[in-house]
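1. Fold the following, please.
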Amino acid sequence: MPFDWPSSVEPTLRRLAPANLHIPEQVKLPPRGSKHWGIGSVVLLVAAIVLFLLIFDWNWLRGPLSRVASDKLNREVHIVGDLDVHPWSLTPSAEVHNVTVAQPDFLKKGEMAKVGRIAVKVKLLPLFKGQQILELLEVKDADARLQRDLSGRNNWQFGDPDKKKEPTKLPAIQHFVVDNGHIRFDDRKRDLLLDGTVNTSEHTVGPNRGSFSLDGKGSLNGESFTLKVTGDPLLHVTPDKPYPFKADLRSGSIHATADASIDRPFDLSKFGGAMTVSGDDLADIYRLTGVAAPNTPPYRVSGRLRRNDTRYDFDAFTGRIGDSDIAGDLYVKTDGKRIYLNADVRSKKLDFDDIGPIFGLPPSTGRGETASTEQKVQARQGAGTRYLLPDATLNVERIRAMDADVKYRADSVNAPSWPLRAVSVDMNLKDGVLTADPLSFDFSRGRLAGRVKLDASNATPRTDVDVRLTNAKLEDWIKFRSAGQPPIQGTLIAHAKLTGYGNSIHRAASTANGNVILAMPNGTMRQAFAELLGINVSKGLIMLFKENPQGTPVRCMVGDFQATNGVLQAQTLVLDTGVVVAHGKGSVNLRNETLDLKIDGDSKKFRLIRLLSPITLRGPWTKPKIGIEPGPAIVQGVVGLALGAAINPLAAIIPFIEPGGAKDADCAGLLAQARAKGAR
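-> Numbering: from 1, shown residues only. As a prediction, the model looks like this:
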């Protein structure tokens with residue numbers, strides 16, 4: 001039956017039809033009311049759609065698509081080249097040429113990225129099962145410039161900056177091609193500059209037949225870097241099957257390898273596997289990861305890495321840092337304003353030299369010690385440094401960049417110069433404030449424990465120290481060259497409560513205010529040394545050379561120092577022995593690390609010859625000089641000479657005779673005062 005065209009439809013249809021499409025004149029639409037009208041309408045609609053797609057120029061959508069993309073990304077997006085779409089297939093495809101993405105408003109005008117060509121081919125049938133599979137994703141001649149300023153603003157976060165960042169999730173890609181990709185990553189907050197190229201390939205012949213590889217190379221902060229990722233062929237990738245891969249990253253001294261798998265191919269929010277990372281200094285990983293770590297000697301650590309959305313777990317890791325073993329578990333979360341680190345770390349044996357870099361000191365570089373070439377050079381250059389207290393500048397920006405809770409335990413310690421046996425510390429870092437509480441160092445006898453707080457939230461960091469030494473032995477801390485029984489021994493207790501300002505240990509100490517008190521409630525002292533404190537020449541020198549030196553009890557020793565702007569001034573300095581009471585005064589300077597102390601002893605018993613001269617201890621901490629203040633002795637000698645000339649030679653020794661009778665110090669009161677100030 002011929003169709004009868006309505007007069008309003010027929011001219012339009014004939015005008016839109018392609019030139020080679022013949023519409024017979026006898027084709028007529030059925031009259032109104034015909035039972036074939038519904039079928040004809042469907043046929044007409046389908047024909048119109050097909051005809052529209054045949055004659056449609058896809059470049060007409062460049063403007064609308066650019067506006068939609070600009071709205072979604074919150075910045076200008078332009079499709080400059082052709083837009084080609086091929087919908088008539090079970091794997092419809094599209095190509096976009098010359099795409100540019102502008103920088104966000106807070107950066108200068110320019111392009112964040114430009115791409116010469118993007119080609120996508122989608123498998124149609126899996127879409128009906130809710131699976132997204134790209135048969136092809138090809139990116140050619142891409143140039144991306146990623147930037148982050150000091151305040152943390154970056155140009156790779158699109159849309160609302162306050163919205164929670166989601167991990168990158170891509171559909172499964174069966175053929176992934178990056179040809180001549182260039183990336184420049186300038187992170188001012190981490191002081192990180194990366195400039196490199198990226199290319200991918202999938203070999204079909206040769207020794208690597210059937211494998212996928214991604215290669216990146218360039219420079220990272222002046223150091224060349226390489227990245228290589230290899231995996232199984234992508235041809236048979238499906239969304240419900242894990243994809244195994246291997247990765248190898250080298251940058252400067254950092255070398256990281258991984259043998260892992262992605263749970264759902266190209267969904268980078270979930271993956272895991274074995275990882276090993278090594279390098280010269282653990283602090284260098286900050287630039288790559290944003291995780292602030294302390295300075296260390298060379299390290300090598302292996303464990304199981306697992307990512308689950310914004311959380312990264314590094315479990316059951318083991319390895320070595322310097323000459324110390326290390327093991328434990330940690331995880332990092334990136335869903336907050338700052339990175340959060342939680343770690344539980346333990347060492348069976350800690351080499352105490354490896355702690356030095358944490359405080360700004362190079363690791364020990366002696367024979368058998370582990371240190372990098374650069375650290376050995378630093379050690380040689382720092383051999384003549386002016387101060388004992390480290391003056392290395394603290395990197396406060398890294399402390400402010402993350403939050404953390406870290407527990408560390410060392411079951412044993414190798415410290416030949418110290419009686420140290422174990423270390424335990426719990427650290428909390430929050431909003432730029434680092435607190436070590438509790439902090440404890442266990443010695444062979446005694447313990448140093450307390451709390452240290454570093455507030456780096458302000459322009460000038462503040463350090464608060466509150467530590468106590470209990471049940472220690474003085475002879476463990478002061479080493480004497482003489483063999484046999486130590487010249488002085490006894491129980492030592494102490495308390496230090498100080499506050500200082502500065503971005504290094506030395507600068508904080510140079511401004512310290514507070515109180516330091518030391519006490520020895522009981523002990524013994526070689527009597528020869530006690531006699532010499534009173535400059536008892538007649539007995540002290542004789543006893544000093546005895547084979548079996550005699551001891552005298554120490555009733556108490558108390559030193560109370562008030563710290564004011566980096567100078568410890570002695571408020572009380574008393575040593576009471578069985579034969580001598582010694583009183584001292586002077587200061588310990590934390591700014592220039594010098595001593596200026598004077599000790600004056602009084603004999604409790606009759607002594608034939610005693611010089612009235614205090615003992616002095618002056619000079620730098622590293623080489624203090626012990627001397628005798630000559631003033632009173634000169635007067636004493638002049639008096640002796642005068643008496644000898646005026647009366648007789650025997651009268652000359654009268655000024656040197658000491659009747660004795662010095663009173664005991666108030667040890668009970670002094671020790672009570674020391675305990676009240678925290679020396680328990």
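2. Could you pull out the helices in this protein for me?
-> 10-16, 37-55, 62-73, 285-289, 373-381, 396-400, 474-477, 505-510, 527-533, 537-544, 630-646, 667-676 (DSSP state H).
3. which stretch in those is the model least sure about?
-> Note on these: helix 537-544 shows the lowest mean pLDDT, a mean of 43.
4. And the strands in the stretch 101-250 of the chain?
-> All strands of the stretch 101-250 of the chain, identified by DSSP state E, counting those that start in this stretch, fall at 111-122, 133-148, 172-173, 176-179, 181-187, 192-203, 211-220, 223-231, 243-251.
5. Could you list the residues in contact with stretch 430-437?
-> 396, 399-400, 403, 425-429, 451-457 (Cβ atoms under 8 Å, 6 or more residues apart in numbering). Yep, even glycine has a C-beta here, placed from its N, CA and C like the rest.
6. Going by neighbour count, list what's buried in that stretch.
-> Burial within stretch 430-437, assessed by neighbour count using 16 or more other Cβ atoms under 10 Å, is assigned to 432-436.
7. dump the residue contacts of residue 564.
-> By Cβ under 8 Å, 6+ apart, the neighbours of residue 564 are residue 513.
8. in the sheet, who's paired with it?
-> residue 567 (DSSP bridges).
9. do the same with residue 300
-> Beta-bridge partners of residue 300, as defined by DSSP bridges: residue 278, residue 320.
10. Let me know the pLDDT of it.
-> At residue 300, pLDDT is 97.
11. thinking it is in contact with residue 276, fair?
-> Yes: the criterion here is Cβ atoms under 8 Å, and residue 300 meets it with residue 276 at 7.1 Å.
12. Does residue 100 touch residue 75 like I think?
-> No: when contacts are counted by Cβ under 8 Å, residue 100 is not listed as touching residue 75 (10.5 Å).
13. Would you mind splitting this protein into its domains for me?
-> 10-55, 83-267, 280-381+392-429, 458-676 (automatic domain parsing).
14. Can you lay out the ones you listed as TSV showing distance to residue 65?
-> Compiled in TSV, these are given as follows (distance: least, Cβ to Cβ, whole Å):
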stretch	distance to residue 65
domain 10-55	17
domain 83-267	7
domain 280-381+392-429	30
domain 458-676	49
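15. where does this protein have its least confident helix or strand?
-> Sorting the helices and strands of the chain by mean pLDDT, DSSP states H and E puts helix 537-544 at the bottom, at a mean of 43.
16. What's the local residue count around residue 438?
-> 10 (other Cβ atoms under 10 Å).
17. got it, and residue 392?
-> Neighbour tally, residue 392, other Cβ under 10 Å: 18.
18. Could you do the one 5 residues further on as well?
-> Residue 397 has 15 neighbours, counted by other Cβ under 10 Å.
19. Check the gap between it and residue 292 for me.
-> Distance of residue 397 to residue 292, given as Cβ to Cβ, to the nearest Å: 9 Å.
20. And residue 233, by the same measure?
-> 40 Å.
21. contacting residues around residue 266?
-> Residue 266 neighbours (Cβ under 8 Å, 6+ apart): 169-173, 237, 243.
22. Of those, keep whichever come out buried.
-> 171-173, 237, 243.
23. Taking those, tell me the two that lie furthest apart.
-> 171 and 243 (12.6 Å; Cβ to Cβ).
24. Give the closest residue to residue 425 in space, chain neighbours not counted.
-> Distances taken as Cβ to Cβ, 6 or more residues apart in numbering place residue 439 nearest to residue 425, at 4.8 Å, with adjacent residues excluded.
25. Show me what that neighbour is bridged to.
-> Going by DSSP bridges, residue 439 is paired in beta bridges with residue 425, residue 450.
26. List the residues that contact it.
-> By Cβ under 8 Å, 6+ apart, the contact list for residue 439 reads 424-426, 449-452, 467.
27. Put the buried members of the residues you listed into a ChimeraX selection.
-> Selection of the buried residues among the contacts of residue 439 in ChimeraX, burial being defined by 16+ other Cβ under 10 Å:
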select :424,425,449,450,452,467
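28. Tabulate the contacts of residue 439 (CSV), appending pLDDT and distance to residue 626.
-> Below are those laid out as CSV (pLDDT from 0 to 100; distance: Cβ to Cβ, whole Å):
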residue, pLDDT, distance to residue 626
424, 95, 37
425, 95, 37
426, 96, 42
449, 94, 33
450, 94, 32
451, 95, 36
452, 94, 33
467, 93, 29
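29. ok, so of the contacts of residue 266, who is nearest residue 493?
-> Distance to residue 493 across the contacts of residue 266 (Cβ to Cβ) is lowest for residue 169, with 60.4 Å.
30. Okay, and the beta partners of that closest one?
-> In beta-bridge terms (that is, DSSP bridges), residue 169 pairs with residue 267.
31. From residue 107, how far out is it?
-> Residue 169 is 26 Å from residue 107, by Cβ to Cβ.
32. Also residue 78?
-> Here the criterion is Cβ to Cβ. By it, residue 78 lies 17 Å from residue 107.
33. ok, how many other residues are close to residue 614?
-> Residue 614 has 23 nearby residues by other Cβ under 10 Å.
34. Does it touch residue 597 like I think?
-> No: Residue 614 lies out of contact with residue 597 (Cβ under 8 Å); the separation is 9.7 Å.
35. Do you know the pLDDT at the residue nearest to residue 425?
-> For residue 439, the predicted pLDDT is 93.
36. What of residue 492?
-> In this model, residue 492 carries a pLDDT of 89.
37. For it, list the residues it contacts.
-> Per Cβ under 8 Å, 6+ apart, neighbours of residue 492: 446, 469, 472-474, 477, 518-520.
38. and the residues you listed, which are buried?
-> In those, the ones that pass as buried (16+ other Cβ under 10 Å) are 446, 469, 472-474, 518-520.
39. quick revisit: roughly how far does the residue nearest to residue 425 sit from residue 589?
-> Counting by Cβ to Cβ - residue 439 and residue 589 are separated by 26 Å.
40. that older thread, which of the buried residues of stretch 430-437 fall in strands?
-> 433-436 (DSSP state E).
41. Quick check: closest non-adjacent residue to residue 391.
-> residue 506 (4.1 Å).
42. Let me see the contact set for the one you found.
-> With the criterion set at Cβ under 8 Å, 6+ apart, residue 506 makes contact with 387, 389-391.
43. so which of the contacts of residue 492 comes closest to residue 142?
-> residue 469 (62.1 Å).
44. count of neighbours near the spatially closest residue to that closest one that is not a sequence neighbour?
-> Leaving aside its sequence neighbours, residue 469 sits nearest to residue 494 (Cβ to Cβ, 6+ apart; 4.1 Å). Other residues within reach of residue 494, judged by other Cβ under 10 Å, total 21.
45. which ones are touching residue 494?
-> Neighbours of residue 494 in contact, by Cβ under 8 Å, 6+ apart: 468-469, 472, 516-519, 679.
46. Can you give me the distance of it to residue 602?
-> 26 Å.
47. just residue 433 next, same as before
-> Taking Cβ to Cβ, one finds residue 433 at 50 Å from residue 602.
48. likewise residue 374?
-> 56 Å.
49. Can you show me the strands along the stretch 401-550 of the chain?
-> Ranges of strands in the stretch 401-550 of the chain, per DSSP E, counting those that start in this stretch, are 402-410, 413-414, 420-430, 433-443, 447-455, 462-473, 488-501, 513-520, 523-526.
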